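Q: make a model of this:
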Amino acid sequence: SVNDIYGNGIEPFGAFNFKTVPLPGSGTPEIPFELDSLAAVRLTSSDQLPLIGSLTAQVGCFAGMEFGDASILKSDDSVIWNGLTAVSKDNSPVVDIPYDEMWAASTNYEVYMKFAGILGDKVCYFRTTPKAYTTEDGTAITLGTGSSIDPYMVYTPKQMNDVRNHIASANSFRQMRDISLSSYAAGAGWNAIGDSSTKFTGVYDGGNRTISDLAICRNASYTALFGYLDGDNAVICNLTVKDASIMNTSSTWGAYAAVLVGRADGGITIDNCKVYGSVTSSASNAGGLASYIYQTDAAGKPGTVSNCSFNGNVTATSYAGGLIGYTYRTILDNCETTGRINSTASQVGGFIGYQYYGKVKNCHSNMSVSGASSVGGISGRADYDFEMVDTYFDGTIQTTGGNVGGLVGYTNCGSNDESMRFTRC
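A: Predicted coordinates for the structure are as follows:
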């Protein structure tokens, strides 16, 4: 009876159908109940997806009962996950068991939850009725709706590749675990997400996770993780890309090479992104983080790159920068570059190859910069209305030609000399 389990004088509140069942191997009584909700499990041995969210159970809790550790088990009583914490707020009959990134077995199975409720010196074990789930291969994005409050969730390399199939609208994405793209390294390697016909206009939040082993070797217009960003609402943020190897074999103008972003138009935002790797291009417009950022609207929102860094090597022709190859009406704030940049031509900088309008503030470059002419520690060339604030260079510069500077190699301010401003640099 209830009193036998919980002690004399204690009664449950809320409708509940009790049934005493011995816990296998121990004889301790447990009480089955149905869950109110349980997120689906989709996984395979190579592309596992975790349970998402929390279990919510209507359990008919007792006043004064405290819930402790919980476990998720298969129907054969093998533990999938334990160490969860079950919480009953204000003695309500609803128990929430939060769980994130809980990995399960790579086969079809039935799952149930078991957790302990404690009241004084009494312990009872609650157990759910098993629910069946089936596996999926993790190829397509299945969780989230793409809205800003319910972004598509990206867990696997195949789902990262599937992002390209959801960019016709300005959808939002969030990366939920570290991802290796080594399975896409063979041959020409990774195919950039977004191009001139289907641009990325949404939000990709890396969730402070890492993408590793990005490899590209293509004769293409866009060689980067993301090929083409467009518009004031396009955002890439909170992402680290490491062990990247980018090679563009096209020598055509308009072939954009970088690790993170090829070309970006409008008031795009790149924030809190760190990149480690190498970029080699036979064309102009190459950068460690991004190749080309362009805002045509003088009254519009400028492109913004903030809290970003590049550590690695860049080899290209003209318009080559440690962070970005070419910028037009772009603001760089609190960014850093380290490594080496080598160009056989002009407009070469430790941060920006060619800066047209725009602002650089709170930035630092420690690059070893080499180019033919118009070579600068921060910008190879800076034209018209531009500004540098609290920015410094402490790397090295080599050139075979003229127009060399610790901050800027060559400037052209037209008829307005006041449009060039340096403050605390």
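
Q: what's the burial count for Gly402?
A: 12 (other CB atoms under 10 Å). To be clear about C-beta, it is placed using only N, CA and C from the backbone, and glycine gets the same treatment.

Q: so how far is Ala298 from the closest residue to it other than its chain neighbours?
A: The spatially closest residue to Gly402, leaving aside those adjacent along the chain, is Ser373, at 5.5 Å (CB to CB, 6 or more residues apart in numbering). Distance, Ser373 to Ala298, by CB to CB, to the nearest Å: 29 Å.

Q: name the residue in these two with the higher neighbour count.
A: Neighbours were counted for Ser373 and for Ala298 using other CB under 10 Å; Ser373 has more, 20 against 9.

Q: ok, that one - contacts?
A: Contacts here follow CB atoms under 8 Å, 6 or more residues apart in numbering; on that basis Ser373 touches Ala345, Ser346, Thr399, Thr400, Gly401, Gly402, Asn403, Val404, Gly409, Tyr410.

Q: after the helix or strand where the last one lies, next one along is what?
A: Element membership for Tyr410 (DSSP states H and E) is strand 408-412. Using DSSP H and E, the helix or strand that directly follows strand 408-412 along the chain is strand 420-423.

Q: what pairs with that following strand, parallel or antiparallel?
A: strand 386-389 (parallel) (DSSP bridges).

Q: tell me the buried residues in the partner strand?
A: By 16 or more other CB atoms under 10 Å, the buried positions in strand 386-389 come out as Phe386, Glu387, Met388.

Q: in JSON lines: those residues, plus pLDDT and distance to Lys242.
A: What follows is these, written out as JSON lines (pLDDT from 0 to 100; distance: CB to CB, whole Å):
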{"residue": "Phe386", "pLDDT": "85", "distance to Lys242": "31"}
{"residue": "Glu387", "pLDDT": "89", "distance to Lys242": "32"}
{"residue": "Met388", "pLDDT": "92", "distance to Lys242": "29"}
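
Q: quick revisit: ChimeraX command to pick out the buried ones of the contacts of Ser373?
A: Only the buried entries of the contacts of Ser373 go into this ChimeraX selection, using 16+ other CB under 10 Å:
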select :345,346,399,403,404,409,410
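
Q: among the contacts of Ser373, which are in strands?
A: Ser346, Thr399, Val404, Gly409, Tyr410 (DSSP state E).

Q: any chance of a markdown table for the contacts of Ser373, columns pLDDT and distance to Ser250?
A: Shown next, in a markdown table, are the contacts of Ser373 (pLDDT from 0 to 100; distance: CB to CB, whole Å):
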| residue | pLDDT | distance to Ser250 |
| --- | --- | --- |
| Ala345 | 91 | 16 |
| Ser346 | 93 | 20 |
| Thr399 | 91 | 26 |
| Thr400 | 87 | 25 |
| Gly401 | 85 | 25 |
| Gly402 | 85 | 29 |
| Asn403 | 90 | 27 |
| Val404 | 91 | 29 |
| Gly409 | 92 | 26 |
| Tyr410 | 91 | 26 |
